[in-house]
Each structure stands twice: as C-alpha cells, then as structure tokens.
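S.K.: turn this into a model:
(2 chains)
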Number of protein chains: 2
Amino acid sequence: MTDLLARTAALIDVPSVSFAERDLADLIEAELRSSPWLTVDRVGDNVVARTTLDRAMRIVLAGHTDTVPVNGNASARIEGDTLWGLGATDMKSGLAVMLELARTVAEPVVDVTYVFYAAEEVAAEHNGLKVLFAERPDLLAGDVALLGEPTSAAIEAGCQGTLRIDITLAGARAHTARPWMGRNAIHRLGRLLAVLDGFEARRPVIAGCEYREAVQAVAVAGGVAGNVVPDQATVTINHRFAPDRTATEAEAALRVVLAPVLEEGDTWTLVDAADGGAPAIDHPLLAALIERNGLPVLAKLGWTDVARFAAHGIPAVNFGPGEATLAHTADERVERAPIERCFAALDDLLRRGA
Amino acid sequence: MTDLLARTAALIDVPSVSFAERDLADLIEAELRSSPWLTVDRVGDNVVARTTLDRAMRIVLAGHTDTVPVNGNASARIEGDTLWGLGATDMKSGLAVMLELARTVAEPVVDVTYVFYAAEEVAAEHNGLKVLFAERPDLLAGDVALLGEPTSAAIEAGCQGTLRIDITLAGARAHTARPWMGRNAIHRLGRLLAVLDGFEARRPVIAGCEYREAVQAVAVAGGVAGNVVPDQATVTINHRFAPDRTATEAEAALRVVLAPVLEEGDTWTLVDAADGGAPAIDHPLLAALIERNGLPVLAKLGWTDVARFAAHGIPAVNFGPGEATLAHTADERVERAPIERCFAALDDLLRRGA
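M.R.: Numbering: from 1, shown residues only, chains lettered A, B, ... in the order given. Below is the predicted model:
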C-alpha cells in the first residue's frame, strides 16, 4: 500500500496559502489526468475529476487545497508515524486520501466526483466551491457529499455557521499633549474587547450533537499619527454559531451583546456570513459508511462547505483524518493511523456501495 | 499694515503635511531671497535666513512648516476675524508672523535668524531642526530662541517631554471555531487599553508653571486571518511627561503602570523619545519681551523644539498666535488679534532690543 503519510508530506511541501494555490492545483490536475477512467475539468485553480460509469448513485468527495498563512511550519517533517507541517491536518492529509482513491479505484460501484478547490480559508466570496456552484453546478451533482475536513476519522455532522463583522468606533482627534480636548477611539476599543473576552458561549445540543459557539476579534486597526488622539478604531469580529440559528439571527444576537459599548456614530458592517448546516446522516450511503466502520458521529464546530452542499439539497458530512483542534496552530500535525482508516473506509464504500 | 490673517490663509492653501513640505519651502525660500538684507540657506526642505549686521546679540525665530494629516479642513476659510483651516494654529499663523518680520525689519538692533523647518509632526528622527543641528549647527547659533508654536500669544516656558513605545502582546493561534485551544492577543489588548484609559496623570508645578502629563494609545494593529485567533497585537503609546523627569525616568514609570497587564513573551520597544525642557525665562531679551508686553508665562504641555535649543545651551520659549487646544483638531482656527499682538511684540523686540 502507498505510504499515505509520505504522500501528505509531499503535498505540504508544495506551498498553497490562500490565493497562491496554483502550483498545487497544477500538480493535482496532472496526476488526475494520468488516470484514464477520470474526466477532468479545471475552473481557475479548482480541479474536478469524475468517473462516468452510469452508476445508480454518485458520491462527491471534496477538499480545499489552500492553507492559512505560514506559522513557522512551512516544511513537512516526519518522525515515526507523525507528520508535522502547515496543512497536515487542515487538510492535505484529506487530499492525500482523495488522490490515492482517484488513482487506485478504477471501477467503483458508485460514480465518484473528486473536487479539489481553492480559497476556503478566506472570506466566503473567494471560496472555490462557491465559484463552482455558481459557474459549473453540473460538476458538483451527486447523492451525498463527504468533505475531508479534519474530524479524527469520525463523522462530523452538519456544521456551525460563521459571520464576520467590522465595527468602527468613533472618537475625536486632539493633540496627545491635551487628550482631554478629544476622545480616544482606541481607548474605547478596550471596553468592547472586554465584552468579547467575557462572551458566554451557547452550547446547544442538536440531533444528539453538542455545538459550541464562539466570538473572537480577528483583526484590529486604528491610528492617525504618533501625536494625535485617534478618532477611529476598527475591530473585525468572527462569530461562530450553532445551526439552530441563521446568520441573520446570530448577527442580531451579537448586536444585543455589544450594544452596551456602541454609540451613535459607530459603524457596524457585515463583511460576510454563511449559515451552518443541520446534521444529515440518514442517507443509505452515509448510514452504511457509519455502520460498517463503527464511526462516532459528532457536531462540527467549524463552518465547512458541508453547508454549501446542504443548501443545494445534497446531504453532506465531514470525514477526514486530521485532528480539528490542531488546525491553524503552529504545532499542526497528523498521525498515520487515521489517514489509513479514512482511506480504508472510503475505499470500501466506493467498492461496495450502500 | 499687511493683513496677517490673509497671509496665514495663503500659507494654509499651500498643503504641507509632513514629508510633503517642498512646495511651501520653495515659496518661503523665494520670498526670503527677495529681501536683500537676508542671507538664505537651504538644507533639504529646511530654509534659514539670517541678518549679518554684527550685532552684540542674535535672536533665533523658528517655526515648523509641516502639518498633521488633513481632517476635512484642507482649505482656508475666513469669516470676520477668524480663519479656519489645517495649520491655522499649528503653526502657519506663526510662520506668517516670521515671514512678515523678515520682509519688513531690514535693520534690527539684534541680529535675527529665521528658521523654517520640516517634519516636526512625525517621529523625532525626521525633525528638520534636528537635521540642521546635526548638519549645519552654525546656522542655528544665537543667544535666545523663540518658537512660533501655539501659545495664544503668551510665553510658554519649557515644554513637556514625549516618548513613544510599541508594545506587542503575545497569544497563541488557533481556529476561531475552537478559540479555547489558543489565546487571543487582541482580547488581551482590552486590559491594556483599560489601564491607559484610567491613567492618573501627574500635574507637577515647576517654576510656577503647572504641567499635566498624558498617556495615549495612538495606533493599534493586529490579526492573522479572518478565521484565526490572533497571536500578536501591537499598540503604540505616546507618553507626554513633565520636565522634572527625563525620558528614561518617564519610561520606567510607564513600565510600572503597565506591568500588571504585561507577561513574558510580550515585547516593549522604545520608538522615539525626547526630554522636555525646563522653564528658562531670565535672559534679558526674554525678560524684556515679557515685561514690555505684559505677557503671561505658562507651562508648555506639548513637546516642542524648545527642548532642542535648550539641549544646545540656548534659552528658548514658545511664543505664537495659535491656541494650543485647537491644534490637530478638525475645528482648527486662529483669530486675527493674537497674530497681530505676536507680530507687534516681536517687531518691537527686534527694533529696540533688551
């Protein structure tokens, strides 16, 4: 059997920070084109490969090719059965599983669509899967979808929604030697950040899965000059919310939380938002996958493109070898065993069906 | 008599935000060169004009040509005896007084040096007076110096010091859907800003002048990506301190104030610092100016280049028509009367001496 840990390491060593996925997309496209049973399409840096066997059902396997920015972990490093490196868990180990299935399963009993897409780790407007749904929805047709996002080889059902807000606090400029003549907008930010830091997250249970919300400042900016009391300070907030709320409802709830520190003259701008996805695990193909492999079923806390498939009527779950808690950390790493378990379970599903 | 309000308006209408003073320096240089009793030198965008009459004493009149960034007030507007516009008070009205003295006082009883210099409103390293002291100290020689900084036509003695600190708070990255796996450096900033906002300023009295210290955040920056708990957040702080402390002592005192919100792994960088200047008003020329015009003597809260002359052994004070509390505000303006009072007092000093 192919060494899937080494295959993941090779993918890590092709950098693919968001908006710079071209080299990795080129490599993936070239490899897929070498399997004659696959029809390969490319839209920008998004690559889709399909079998066309006229089976009764079609499974979509999808994964994003981009990573968050480098954090001192650009190069792959293997020790024993552990692989360190940017994207090890989110989600080049998932891509390695998909590529190996595409290369080796020439005659699946269900048709298979492999989707490799760009720009998942940035604002939703850039998302490669969104681009494909808009420009080539025919390429994404299917009965169920599985995304290789990190789940430690468990099934993560549904996902939380996400929204980003820019809030600009107002003040009044003055010379810093006489600050009482003005009002410091950056100082005002202190109270807002205290509210964010003290946010009490809801933890609702939906279809047996416990979700856990979060509100985090992800960017801050402000300042006029080194001797001027600043009249503006901006904070960008990312809110993750459980799928029992729409993005609109979650934004309204956040407004209530922050109302005590906002004033007339401040601005509130919704940057992007995506609804979550409810758990959807009753399709026969998903039920078979879960039962034959004894997979645990959990809530997905991160927003994933599961919600996009759900919005297009395709039941979808997350199922990938990485460990979600390590995603986006300097210590990102993945173990050999869950990669091999994911591969074996999907290989079985493609060869045996429901 | 020349309309000094209109003369100030004309100077406002030549934009000169820091690092873009060239047009204004060109205009000033050309005007000074048209007075045959002046020797004119230019170093970069700094212009110096001197009489060379071999008088027993020499007065230096100095003013900076730059302004802070535009704040919806780029164009001059006169209503009655009030002039609005960027630099009206800080300090194009002072420049108008200097230019008018240079144009009209051909045979002063003391030698006079007029210094027009760039880049006062930015980090000390760029300061035009600093450049002149380094490259052409001979041009700045004199017995006393008067700076046209805004004082409402009073004498402001000495000045407070200023220092800028960059503090970077550390955290640990994580995915924003699982923030408990990391530590949000921007959220930590909230506690630091609360300390700044609650800073209790000292107000020491020195030589009869009450000073008033201040600590202000003037810039803030942080963030990695829209879905990452940020591991760094930086705040720039401007501290104004009374002249009974050196910059080193003031920085040490600030460290004590902020120690409760700083941790190992955070960084503290001194960006720039300038000692204040003690009050120095016993020189016969300054004493005559104060006494003959009945001028009030007050503490200067802002740092000014008074401190640079003091460091070179030249007694110096601030004396300008603008109102200090209006400097760097959107409503910056100046009245006709204090401009005329400043002009008359200096005209008298140059023609009569001590």
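
S.K.: is chain B contacted by stretch A:162-170?
M.R.: Yes - for stretch A:162-170, a contact with chain B is found by C-beta under 8 Å from any C-beta of the partner chain, at A:162, A:164. Glycine gets a C-beta too; all of them are placed from N, C-alpha and C.

S.K.: give the rounded mean pLDDT of that stretch.
M.R.: The average pLDDT for stretch A:162-170 rounds to 97.

S.K.: for stretch A:304-311, same thing?
M.R.: For stretch A:304-311, the per-residue pLDDT averages 88.

S.K.: can you list the buried residues in it?
M.R.: Neighbour-count burial for stretch A:304-311, counted by 16 or more other C-beta atoms under 10 Å in any protein chain shown, picks out A:304-310.

S.K.: let me know whether residue A:350 touches residue A:104 as I believe.
M.R.: No - counting by C-beta atoms under 8 Å, residue A:104 is not a contact partner of residue A:350; they are 9.7 Å apart.

S.K.: which of these two has more neighbours?
M.R.: residue A:350 (20 against 13; other C-beta atoms under 10 Å in any protein chain shown).

S.K.: nearest residue to the more buried one in space, please, no chain neighbours.
M.R.: Nearest non-adjacent residue to residue A:350, counting by C-beta to C-beta, 6 or more residues apart in numbering or on different chains: residue A:108, 3.9 Å away.

S.K.: number of nearby residues for that neighbour?
M.R.: By other C-beta under 10 Å, 20 other residues sit near residue A:108.

S.K.: with the one 5 residues further on instead?
M.R.: Neighbour count of residue A:113, defined by other C-beta under 10 Å: 21.

S.K.: strand partners (parallel or antiparallel) of the helix or strand where it lies?
M.R.: Applying DSSP states H and E as the criterion places residue A:113 in strand A:111-117. Paired strands of strand A:111-117, with direction, are strand A:46-50 (antiparallel), strand A:58-64 (parallel) (DSSP bridges).

S.K.: what about whatever residue of the stretch 251-354 of chain A ends up closest to chain B, neighbour count?
M.R.: Going by C-beta to the nearest C-beta, chain B is nearest to residue A:302 of the stretch 251-354 of chain A, at 3.7 Å. Using other C-beta under 10 Å, residue A:302 is surrounded by 23 other residues.

S.K.: if we can go back for a sec, can I get the buried residues of stretch A:304-311 in JSON lines with secondary structure and distance to chain B?
M.R.: Listed next are these as JSON lines, based on DSSP: H, G, I helix; E, B strand; the rest coil; distance: C-beta to the nearest C-beta, whole Å:
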{"residue": "A:304", "secondary structure": "coil", "distance to chain B": "9"}
{"residue": "A:305", "secondary structure": "coil", "distance to chain B": "13"}
{"residue": "A:306", "secondary structure": "helix", "distance to chain B": "13"}
{"residue": "A:307", "secondary structure": "helix", "distance to chain B": "13"}
{"residue": "A:308", "secondary structure": "helix", "distance to chain B": "16"}
{"residue": "A:309", "secondary structure": "helix", "distance to chain B": "18"}
{"residue": "A:310", "secondary structure": "helix", "distance to chain B": "17"}
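
S.K.: residue ranges with poor pLDDT in the stretch 151-300 of chain A?
M.R.: For the stretch 151-300 of chain A, no stretch is flagged by pLDDT under 70.
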